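Student: Fold the following, please.
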Amino acid sequence: MDSSLFFSGKTKLGILGGGQLGKMLLECTRRWDIYTKILDPDPQAPCRISCNEFVQGSLLDYDTVMQFGLDCDVITIEIEHVNTEALQALQEMGKIVHPNPKSLALIQDKGLQKAFYKSLNLPTSDFALYENKAEILSAIHTGLIKFPFVQKSRKAGYDGKGVAVIKSDNDIALLMDTPSVIEDMVSLSNELAVIAVRNASGEIRCFDAVSMDFHPDANLLDLLLYPAPISNIMQQEAAQIAERLIEKLNICGLLAVEFLVDQQQQLWINEVAPRPHNSGHQTIESAQSSQYEQHLRGILNLPLGSTQLISPSAMANLLGEESFQGPVHYEGLTECLSKEGVYVHLYGKKTTKPFRKMGHVTVTHSSLDEAKKIAQWVKQTIKVKSLS
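Tutor: A predicted model of the protein is given here:
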């Protein structure tokens, strides 16, 4: 396909998912005048006002996804939980689908993900697969599973959901009754992420690694530093793993690779996401080309942009306050907007609930330490509450 046709409105880009990632992706499509069509189950999805066409419907229903994609030239995603069988059929009809449906189906299953890493001799913590809670309890009783360990739902986990940390018998009630991956708990030093991008011509680039702190209750990304304050050797190792994965998975567009770093400074692959990612929001202000622009370049087989750092930055998620649910009300925005280098992104979600991602704030500064301090002040200043 002649990629230049996208800039004249003669071809259509379909995006499965209309949340905040799609909303930020649409900022790039509007800048380049690319015609877009969005599918999302929520009639009030953040993407609804920025796309050319909006369709309300299930991302998991075969017929809905098929019908949505019939008049699209290229189809991509902003969330993994979509019907891959329909995407495979659309690809066989000649539609360009990124990420490729077979790799997306593998990534959707955390058990298959782990086995894939092992097949490539890539570093990932030891694991075993179980069908249900009864099997897990039996394995604990016989000593096959030892405390502490992490349980991950093989499918449908997202934004901290589908993960249980089991440190002792006292946490047994947290076990989920679902097909699961049971992993040894890594003696954690910190967590990193690297976002790679690839186009169909085989060009690959990586953004610098970021370091990530997570909310202790919600298991959501709380504060991010870019670039991660790590050694050049670890930066290179993480990038090499990300490059190998995006090539072996034959993915065009983005692949975010999350790593655990143990006390001995060993990298372990945690999981991947073949789409724009929470660990890349700060690239909008801090890199020559944002992750969203790079995703478009990758899926449309355009030359990849520069991933060169413009400025160190810190990024904080704006999460709904624990005690509030209902129509959203933001406190502290004015104070933050008065400070230089503070960029506020609100996702357009009309209602808040505890720990819901409602926006993010990126802070740029010539000093990473200063950016972190300001971001921590922002987190204390902006409160996401409800009018009710």
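Student: now the helices: where do they sit in the stretch 1-150 of the chain?
Tutor: Per DSSP state H, counting those that start in this stretch, the stretch 1-150 of the chain carries helices over the ranges 20-31, 62-69, 84-92, 101-108, 110-119, 133-142.
Student: deepest of the ones you listed, which one?
Tutor: Comparing the helices of the stretch 1-150 of the chain by mean neighbour count (mean count of other Cβ atoms under 10 Å), helix 20-31 ranks first with a mean of 21. Any C-beta I mention is one placed from the backbone N, CA and C, and that applies to glycine too.
Student: Who are the packing partners of that one?
Tutor: Judged by 3 or more Cβ pairs under 8 Å, 6 or more residues apart in numbering; DSSP states H and E, the packing partners of helix 20-31 are strand 12-16, strand 35-40, helix 291-299.
Student: the inter-axis angle of that helix versus helix 291-299?
Tutor: 70 degrees (axes from the mean of the first three to the mean of the last three Cα atoms, to 10 degrees).
Student: Enumerate every residue touching the nearest residue to P227 once chain neighbours are set aside.
Tutor: Counting by Cβ to Cβ, 6 or more residues apart in numbering, D208 is the residue found nearest to P227 once chain neighbours are left out, at 3.7 Å. Contacts for D208 were tallied using Cβ atoms under 8 Å, 6 or more residues apart in numbering; they are V194, Y226, P227, A228, Q235, T307, L309.
Student: Turn the helices and strands packed on helix 20-31 into JSON lines, including distance to E78 and mean neighbour count.
Tutor: Below are those laid out as JSON lines (distance: least, Cβ to Cβ, whole Å; neighbours: other Cβ atoms under 10 Å):
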{"stretch": "strand 12-16", "distance to E78": "6", "mean neighbour count": "24"}
{"stretch": "strand 35-40", "distance to E78": "9", "mean neighbour count": "23"}
{"stretch": "helix 291-299", "distance to E78": "9", "mean neighbour count": "26"}
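Student: Let me know which of those is the nearest to E131.
Tutor: strand 12-16 (28.9 Å; Cβ to Cβ).
Student: quick check, nearest of the contacts of D208 to I38?
Tutor: Nearest member of those to I38, counting by Cβ to Cβ, is T307, at 26.7 Å.
Student: burial measure for Y226, as a count.
Tutor: Neighbour count for Y226, taken as other Cβ atoms under 10 Å: 30.
Student: likewise the one 10 residues further on?
Tutor: Other residues near Q236 come to 12 when the count uses other Cβ under 10 Å.
Student: Identify the residues contacting it.
Tutor: With Cβ under 8 Å, 6+ apart, Q236 has no contacts at all.
Student: isn't there a helix covering it?
Tutor: Yes - counting by DSSP: H, G, I helix; E, B strand; the rest coil, Q236 is part of a helix.
Student: So it versus G305, what's the distance?
Tutor: Here the criterion is Cβ to Cβ, to the nearest Å. By it, Q236 lies 21 Å from G305.
Student: What segments of the stretch 201-350 of the chain are helices?
Tutor: Listed in chain order, the helices of the stretch 201-350 of the chain (DSSP H, counting those that start in this stretch) span 232-248, 283-286, 291-299, 333-337.
Student: what is the mean pLDDT for the second one?
Tutor: Okay, so that is helix 283-286. The average pLDDT within helix 283-286 is 98.
Student: Using PDB, write out every CA atom in that helix.
Tutor: The C-alpha coordinates for helix 283-286 follow below in PDB (Å, rounded to 0.1, in the frame of the first residue of the first chain):
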ATOM      1  CA  THR A 283       7.700  11.000  25.200                       C
ATOM      2  CA  ILE A 284       5.100  13.600  24.000                       C
ATOM      3  CA  GLU A 285       7.100  16.300  25.700                       C
ATOM      4  CA  SER A 286      10.500  14.600  26.200                       C
END
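Student: Summarise which helices and strands it is packed against.
Tutor: So helix 283-286, by 3+ Cβ pairs under 8 Å, 6+ apart, packs with helix 291-299, strand 342-346, strand 357-364.
Student: Identify all contacting residues around that helix.
Tutor: Here helix 283-286 has contacts from 24, 195, 207, 226, 289-292, 307, 309-313, 343, 345, 362, 364, using Cβ under 8 Å, 6+ apart.
Student: Using PyMOL, define a selection of the buried residues within those residues.
Tutor: The buried residues among these can be selected in PyMOL (16 or more other Cβ atoms under 10 Å) with this line:
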select buried, resi 24+195+207+226+289+290+291+292+307+311+312+313+343+345+362+364
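Student: quick one: low-confidence parts of this protein?
Tutor: Residues of the chain that meet the criterion pLDDT under 70 lie in 1, 3, 159-160.
Student: One more pass at 80, please.
Tutor: 1-6, 8-10, 157-160, 215-219, 388 (pLDDT under 80).
Student: quick check: domain ranges of it?
Tutor: 3-97, 126-184, 188-386 (automatic domain parsing).
Student: Rebuild those as a markdown table, extending it with distance to L120.
Tutor: Formatted as a markdown table, the domains of the chain follow (distance: least, Cβ to Cβ, whole Å):
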| stretch | distance to L120 |
| --- | --- |
| domain 3-97 | 20 |
| domain 126-184 | 15 |
| domain 188-386 | 6 |
